[in-house]
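Trainee: Based on what follows, work out the 3D shape:
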Amino acid sequence: MKVTSLIFFAASFAAALVYHRLPRKWANVWLLALSAAFIATWSWQFILVLALFTSVNYGLARKVESSQGARKGWAAGGIVFNVAFLFLLKYNHFYLPALQKELATLGWTSSTSLVSILIPIGLSFLVVQAISMLLDIKNGRVAAEKDFVRFAVYMVYFPKLLSGPIERMRQFLPRLDNPLSMDRSLLERSVALILIGLFRKIVIADPLFNMIPADAFVNPLSFPGQNLIMWLLAYSFGLYNDFAGYTSIIRGVSLWFGIELTNNFNLPYLSRNFTEFWNRWHISLSQWLRDYIFFPTARSLMKRFSPREHWINLVLPPMITMLVSGAWHGLAWNLVLWGALHGLYQVVERLFSLRRNAVATDELPWWRQSLGTVVTFILAALAWVPFRMPVKIALQYWQGMLHWIPPDWKGLDLMLAGEVPHLSWTALKLPSPILIGVLIIAVVFDIQQSKGRREDFILDWSRLHIIAFVVVLAFAILLAALSDNVTPFVYQGF
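Mentor: As a prediction, the model looks like this:
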């Protein structure tokens, strides 16, 4: 079931009304049943796989807590199980071809049949969530949950199932036990988040993605450099608004149940450096990487290499952390390169911070902070190239961005004069004005949120502006529905 569909919103709101009228002992059972029903809309087999995954982690959590002398061992075993589960199901392209060949040799399958493995939705997010839970129990930060229903709701709560945010047990369960009351203020906030999320998805992300030619990320050298730059900008803003839009929608829906989910984005493209960028982009994953990869790695290395400024302490923690981030997104060389680039960006920043005359970012003059925002965005956008395409094509894309071709101004004049049939903007070697317009909308929308200093900033607008916003959004949704141009959320693939 698409989270942008009318049936999803209607069913969720009706389910929330029932939830608030149930006795507390049945409320969690209702949430688990809703989550199972949501999973079944994708595939009923997913329920079986996720039930196994949840049950094993429930048992592991109890073992980690009860085995006083073997906590580390059980926690390590739990991490191995979760990583192996992820590798077995998500990264099966590494071994399925060889397995298919071996089974065919043994006569168990034909050479033309295919071995398939079910990959449940949201698996990458569930795995890191389970690992954080096991480590928190091992370190005494949280007690193992004894109520299986509450534990299962924590694992597969349907608003966060597809693409997070990644919740910590010690934060989620108290919210589950004490849901917010559904009053006018909460309802207005939830609707505002949903409208903002739909706007980011339907008005900004989908049009930007749809205006990028299919061949641009396959044969980039076939296009002029100026167009490649515009399409990279379109992909950068499209990716951000797609994921931020999803997060905003599901956080709004979750508020109907009185459960606050972690905010995953805070205007990352306004960041002044990469430390700030990763505090604003995919916040729940960034904090997970910080707490369970960066800090443990840094502490371990500082015990062996001193002083703190030793090059190993400066280089390895951010590089290892970002390489893990790349591997989490997928085991592929292009994602390794993407992670390595972001690791390198942070290493360079750490080296600059060691200068004797280094000044805190907030104390820099405005023009240097603005310059930092521009440089950070450009480098982040360049890193999206290998995030989107294989390394070989990414290198061609970077190369192609440097080869500009003069626009066909004569063809444009003839087209505007009606002397020749309409030509595509790509054929004229010019960026589409509509694409530029959507990019401007994306930037203005972020600036408005920054000025509002709150995620539900449209609530500060006048009633007339809110009505105009809703009308524009409704028109865009209608056009998208009629043209069938609503694309799946990008991070549903992780």
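Trainee: CA atoms for contacts and neighbours, from now on please.
Mentor: Fine.
Trainee: What is the neighbour count of residue 286?
Mentor: 20 (other Cα atoms under 10 Å).
Trainee: If we ignore the residues flanking it in sequence, what's nearest it?
Mentor: residue 278 (6.1 Å; Cα to Cα, 6 or more residues apart in numbering).
Trainee: burial count for that neighbour?
Mentor: Neighbour tally, residue 278, other Cα under 10 Å: 20.
Trainee: got a pLDDT number for it?
Mentor: pLDDT, the model's per-residue confidence, is 95 for residue 278.
Trainee: Please apply the same query to the one 3 residues further on.
Mentor: Listed pLDDT for residue 281 reads 95.
Trainee: That one and residue 225, how far apart?
Mentor: 28 Å (Cα to Cα, to the nearest Å).
Trainee: from what I can see residue 394 touches residue 385, true?
Mentor: Yes. Under the criterion of Cα atoms under 8 Å, residue 394 makes contact with residue 385 at 5.6 Å.
Trainee: quick one: contacts for the residue nearest to residue 211 when sequence neighbours are not counted?
Mentor: Ranked by Cα to Cα, 6+ apart and with sequence neighbours excluded, the top spatial neighbour of residue 211 is residue 435, at 6.9 Å. Applying Cα atoms under 8 Å, 6 or more residues apart in numbering, we find residue 435 in contact with 207, 208, 211, 234.
Trainee: Three-state assignment for residue 435, please.
Mentor: Classification of residue 435 using DSSP: H, G, I helix; E, B strand; the rest coil returns helix.
Trainee: do residue 145 as well
Mentor: Here residue 145 is recorded as coil under three-state DSSP.
Trainee: I'd like to know which elements the longest helix along the chain is packed against.
Mentor: Looking across the chain with DSSP state H, the single longest helix is helix 225-256. Counting contacts by 3 or more Cα pairs under 8 Å, 6 or more residues apart in numbering; DSSP states H and E, helix 225-256 packs against helix 6-21, helix 184-198, helix 206-210, helix 366-388, helix 391-400, helix 433-452.
Trainee: so where do the helices sit in the stretch 201-350 of the chain?
Mentor: Using DSSP state H, counting those that start in this stretch, the helices found in the stretch 201-350 of the chain span residues 206-210, 225-256, 274-278, 283-289, 295-304, 311-329, 333-353.
Trainee: Rebuild those as TSV, extending it with distance to residue 219.
Mentor: Listed next are the helices of the stretch 201-350 of the chain as TSV, based on distance: least, Cα to Cα, whole Å:
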stretch	distance to residue 219
helix 206-210	17
helix 225-256	11
helix 274-278	30
helix 283-289	32
helix 295-304	40
helix 311-329	24
helix 333-353	16
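Trainee: Go through the ones you listed and name the closest to residue 467.
Mentor: Of all those, it is helix 225-256 that lies closest to residue 467, at 18.9 Å by Cα to Cα.
Trainee: and residue 9, how many neighbours?
Mentor: The burial count for residue 9: 17, using other Cα under 10 Å.
Trainee: same deal with the one 10 residues further on?
Mentor: The local packing of residue 19 (other Cα under 10 Å) involves 20 other residues.
Trainee: Restricting to C-alpha, output stretch 146-159 in CSV.
Mentor: What follows is stretch 146-159, C-alpha atoms only, in CSV (Å, rounded to 0.1, in the frame of the first residue of the first chain):
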residue,chain,number,x,y,z
LYS,A,146,9.4,-9.1,28.3
ASP,A,147,6.1,-8.4,26.6
PHE,A,148,6.4,-9.9,23.1
VAL,A,149,3.6,-7.7,21.7
ARG,A,150,5.2,-4.5,22.8
PHE,A,151,8.6,-5.7,21.4
ALA,A,152,7.0,-6.7,18.1
VAL,A,153,5.3,-3.2,17.8
TYR,A,154,8.7,-1.6,18.4
MET,A,155,10.2,-3.7,15.6
VAL,A,156,7.5,-3.5,12.9
TYR,A,157,5.4,-0.4,13.8
PHE,A,158,3.9,0.3,10.3
PRO,A,159,4.5,4.0,9.9
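Trainee: average pLDDT for that stretch?
Mentor: pLDDT averaged over stretch 146-159 gives 95.
Trainee: ok, now stretch 188-207?
Mentor: Stretch 188-207 carries an average pLDDT of 95.
Trainee: and it, how far apart are its ends?
Mentor: Start and end residues of stretch 188-207 are separated by 27 Å (Cα to Cα).
Trainee: buried set for it?
Mentor: 189-207 (16 or more other Cα atoms under 10 Å).
Trainee: same deal with stretch 316-336?
Mentor: Buried, per 16+ other Cα under 10 Å, within stretch 316-336: 316-331, 333-336.
Trainee: Of the helices and strands packed on helix 225-256, which is nearest residue 57?
Mentor: Residue 57 lies closest to helix 6-21 among these, at 26.4 Å (Cα to Cα).
Trainee: Contacts only, for the closest residue to residue 230 other than its chain neighbours.
Mentor: Leaving aside its sequence neighbours, residue 230 sits nearest to residue 431 (Cα to Cα, 6+ apart; 6.6 Å). By Cα under 8 Å, 6+ apart, the contact set of residue 431 is 226, 227, 230, 425.
Trainee: follow-up on the earlier one: buried deepest among the helices of the stretch 201-350 of the chain, which one?
Mentor: helix 225-256 (a mean of 24; mean count of other Cα atoms under 10 Å).
Trainee: That one vs helix 6-21, what angle?
Mentor: Computed with axes from the mean of the first three to the mean of the last three Cα atoms, to 10 degrees, the direction of helix 225-256 lies at 30 degrees from that of helix 6-21.
Trainee: ok now helix 225-256, how far from the chain's centre?
Mentor: Taking Cα atoms, centre = their mean, to the nearest Å, one finds helix 225-256 lying 9 Å from the centre of the chain it belongs to.
Trainee: tell me the angle of that helix relative to helix 184-198?
Mentor: Using the same axes, to 10 degrees: helix 225-256 against helix 184-198 is 160 degrees.
Trainee: Make 566 the first number, not 1, from now on.
Mentor: Noted, 566 is the first residue going forward, which turns the last one into helix 790-821.
Trainee: now helix 790-821 and helix 998-1017, what's the angle there?
Mentor: Using the same axes, to 10 degrees: helix 790-821 against helix 998-1017 is 50 degrees.
Trainee: what's the angle from helix 790-821 to helix 931-953?
Mentor: Going by the same axes, to 10 degrees, helix 790-821 makes 90 degrees with helix 931-953.
Trainee: between helix 790-821 and helix 956-965, how big is the angle?
Mentor: Using the same axes, to 10 degrees: helix 790-821 against helix 956-965 is 120 degrees.
Trainee: Let me know the average pLDDT across helix 790-821.
Mentor: 96.
Trainee: give me the number of residues near the closest residue to residue 1017 other than its chain neighbours?
Mentor: Spatially, and ignoring its direct neighbours in sequence, residue 1017 is nearest to residue 1025 (7.5 Å; Cα to Cα, 6+ apart). For residue 1025, the count of nearby residues is 11 (other Cα under 10 Å).
Trainee: follow-up on the earlier one: just put the helices and strands packed on helix 790-821 in JSON lines and tack on distance to residue 700.
Mentor: Compiled in JSON lines, those are given as follows (distance: least, Cα to Cα, whole Å):
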{"stretch": "helix 571-586", "distance to residue 700": "32"}
{"stretch": "helix 749-763", "distance to residue 700": "32"}
{"stretch": "helix 771-775", "distance to residue 700": "38"}
{"stretch": "helix 931-953", "distance to residue 700": "29"}
{"stretch": "helix 956-965", "distance to residue 700": "35"}
{"stretch": "helix 998-1017", "distance to residue 700": "36"}
